[in-house]
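Enquirer: 3D, please:
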Amino acid sequence: MISIYTLTSSLHDSMAVDAITAGFLSEIGLDFDYKGSDFTSFGKAGLDLIYVRTGGTEGIFRDLLPSLKKDRTFYLLTSGKSNSLAASMEILSYLNLHGLKGEILHGDAEYLRKRISLLSKLSDVRQKLAGQRLGVVGAPSDWLISSGCDYGTVRRNLGIELVDIPMQRLLDSIASIPEGECSEYAEIACKPASEASVRASLPMADKIYVALKQIIENERLSGLTIRCFDLLTAVHNTGCLALARLNSEGYVATCEGDVPAMLTMAVSRAVSGCSGFQCNASKMNPETGEILFAHCTLPLSMARSYNFDTHFESGIGVGIHGEIPEGRATLFKISPDQSRVFVHGAEILGNSYEENLCRTQILVKMDSPSVIVDYFLKNPIGNHHVVIPGDHVDMLTALFSL
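Expert: You can find the predicted model right below:
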């Protein structure tokens with residue numbers, strides 16, 4: 001919902017201003033909840049706009065400001081008539097002088113419609129993220145030496161609460177689940193060379209999934225990341241299938257205890273409805289802009305088809321070899337302190353299968369080949385990146401510019 005509050009000088013003819021208002025808002029063509037000059041519910045809608053209808057309203061806003069929430073961006077809508085733009089510029093200057101954020105929304109009807117629609121969508125994304133609880137099962141893997149996150153910073157920047165969960169709790173939960181058959185996936189094809197091993201591993205892979213699902217439900221989580229390599233020695237299996245299933249069910253689930261990757265996928269899901277494919281860059285061609293990404297898990301819902309193989313590094317458990325549809329995609333990664341983001345458009349060219357790499361492998365061509373040297377080879381944000389189906393560059397860029 002988009003709420004509109006108004007600032008109007010008593011020096012202007014109210015009937016004339018009302019007529020201008022009706023025509024102006026009708027021309028924009030969006031569904032507004034018109035609140036008028038009553039600001040008592042300001043801050044409760046998804047997006048609040050302050051329509052500066054006339055000049056001479058600067059003092060009204062200054063006196064009103066102490067009663068308004070200040071941890072927000074103030075959006076000042078102006079028609080350009082009755083000195084509304086001049087008043088908006090004075091108000092925005094006042095906000096800037098006091099360290100507060102604001103933006104003037106001014107332009108033709110088409111621009112305003114697009115800009116306000118985008119801001120409304122971004123507000124929806126922020127609301128989806130606010131109050132989420134994401135679990136960290138175990139600790140980040142030892143090799144993620146640049147991926148540590150400060151939990152307080154994450155809460156302030158994204159509104160997400162990170163919850164530590166001991167690995168032993170997961171192992172105890174796995175041990176408590178009765179042995180059974182993973183009947184839901186018994187008919188899925190396996191790579192011939194590893195079929196016997198994978199079939200034997202499916203029941204334990206199912207127990208890992210059930211145990212993680214129990215933790216999610218008991219802790220009221222929107223998702224989690226797991227120090228999954230500990231499972232190789234503890235239960236002689238992997239978390240790949242469990243994470244693939246959870247991501248397909250609408251949760252966020254990442255491997256290796258990678259918290260920044262989990263946050264990246266949480267934002268991805270809020271924006272696109274898909275967690276995305278957490279993967280490593282395995283090969284790059286700086287001249288063509290092509291990158292081969294690979295990992296042993298992905299949301300099953302992202303794959304047009306998939307079969308099972310062993311986990312690459314260990315040769316045990318259940319890994320996912322998925323085929324992802326060709327087409328537009330977005331590469332995305334948030335830095336551990338959320339001060340940097342990488343967002344870039346790309347094209348998924350195809351899928352491959354090389355035995356010396358993780359099982360799901362996609363060839364991606366970046367929109368700008370120079371990004372390989374300028375970003376990936378000179379200033380990357382860790383090793384894991386997230387591939388999101390579709391073009392979400394504008395939304396993600398706008399979200400973090402705010």
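Enquirer: shouldn't Lys81 be within a strand?
Expert: No - counting by DSSP: H, G, I helix; E, B strand; the rest coil, one finds Lys81 to be coil, located in no strand.
Enquirer: can you count the residues close to it?
Expert: When counting by other Cβ atoms under 10 Å, one arrives at 16 neighbours for Lys81. (C-beta placed from N, C-alpha, C; glycine too.)
Enquirer: contacting residues around the closest residue to it other than its chain neighbours?
Expert: Of all residues not flanking Lys81 in the chain, Ile20 sits nearest, at 5.6 Å (Cβ to Cβ, 6 or more residues apart in numbering). Ile20 sits next to Arg53, Ser79, Lys81, Ser82 when contact means Cβ atoms under 8 Å, 6 or more residues apart in numbering.
Enquirer: the same query, at a cut-off of 7 Å, please.
Expert: By Cβ atoms under 7 Å, 6 or more residues apart in numbering, Ile20 lies in contact with Ser79, Lys81, Ser82.
Enquirer: between these, which is closest to Arg245?
Expert: Ser79 (51.8 Å; Cβ to Cβ).
Enquirer: so what pLDDT did the closest one get?
Expert: Ser79 carries a pLDDT value of 94.
Enquirer: for Ser10, same thing?
Expert: 88.
Enquirer: quick one: it is in a strand?
Expert: No - counting by three-state DSSP, Ser10 falls outside a strand, being coil.
Enquirer: distance of it from Thr57?
Expert: 10 Å (Cβ to Cβ, to the nearest Å).
Enquirer: which one of those two has more residues nearby?
Expert: Neighbour count, other Cβ under 10 Å: between Ser10 and Thr57, Thr57 has more, with 26 against 9.
Enquirer: burial count for the residue nearest to that one when sequence neighbours are not counted?
Expert: Closest residue to Thr57 apart from its sequence neighbours, by Cβ to Cβ, 6+ apart: Leu7 at 3.9 Å. For Leu7, the tally of surrounding residues (other Cβ under 10 Å) stands at 25.
Enquirer: residues of the helix ranked longest in the chain that come out buried?
Expert: For the chain, the longest helix by residue count, based on DSSP state H, is helix 195-219. If you call a residue buried by 16 or more other Cβ atoms under 10 Å, then helix 195-219 has these buried ones: 197-199, 201-209, 211-216.
Enquirer: so which elements touch the very next helix or strand once past it?
Expert: Following helix 195-219 in sequence order, the next helix or strand is strand 223-226 (DSSP states H and E). Strand 223-226 sits against strand 133-137, helix 195-219, strand 252-255, helix 259-272, with contacts defined as 3 or more Cβ pairs under 7 Å, 6 or more residues apart in numbering; DSSP states H and E.
Enquirer: for the residue nearest to Thr57, name its beta-bridge partners.
Expert: Beta-bridge partners for Leu7, by DSSP bridges, are Val52.
Enquirer: what residues does it make contact with?
Expert: Ile50, Val52, Arg53, Thr57, Ile60, Phe61.
Enquirer: kindly provide the distance from it to Ala87.
Expert: Distance, Leu7 to Ala87, by Cβ to Cβ: 8 Å.
Enquirer: and if you look at Leu357?
Expert: 60 Å.
Enquirer: same thing with Pro389?
Expert: 45 Å.
Enquirer: neighbour-wise, which of these two wins?
Expert: Neighbours per residue, other Cβ under 10 Å: of Pro389 and Ala87, the larger number sits with Ala87, 24 against 20.
Enquirer: wait, that one touches Tyr51, no?
Expert: No - contact criterion Cβ atoms under 7 Å: Ala87 and Tyr51 do not qualify, at 11.2 Å.
Enquirer: which non-adjacent residue is nearest Thr289?
Expert: Rather than Thr, residue 289 is Gly. Gly289's closest residue in space is Pro369 (Cβ to Cβ, 6+ apart), at 3.1 Å.
Enquirer: how about Phe400?
Expert: Nearest to Phe400 is Val341, by Cβ to Cβ, 6+ apart, at 4.7 Å.
Enquirer: and the one you found, bridged to which residues?
Expert: On the basis of DSSP bridges, Val341 is bridged to Ile334.
Enquirer: pretty sure it sits against Ala398.
Expert: No - contact criterion Cβ under 7 Å: Val341 and Ala398 do not qualify, at 11.3 Å.
Enquirer: now do the same contact list for Ser222.
Expert: By Cβ under 7 Å, 6+ apart, Ser222 lies in contact with Gln132, Arg133, Leu134, Tyr251, Val252, Ala266.
Enquirer: distance-wise, check it relative to Thr153.
Expert: Computed as Cβ to Cβ, the Ser222 to Thr153 distance reads 19 Å.
Enquirer: go on, Asp394?
Expert: Distance from Asp394 to Thr153, by Cβ to Cβ: 26 Å.
Enquirer: what does Asp124 give?
Expert: From Asp124 to Thr153 the distance is 23 Å (Cβ to Cβ).
Enquirer: please, where are all the helices along this protein?
Expert: 14-28, 58-64, 84-97, 109-129, 151-158, 167-176, 195-219, 230-234, 240-248, 259-272, 370-371, 393-401.
Enquirer: so which of these is nearest His295?
Expert: That would be helix 240-248 among these, by Cβ to Cβ, at 8.6 Å.
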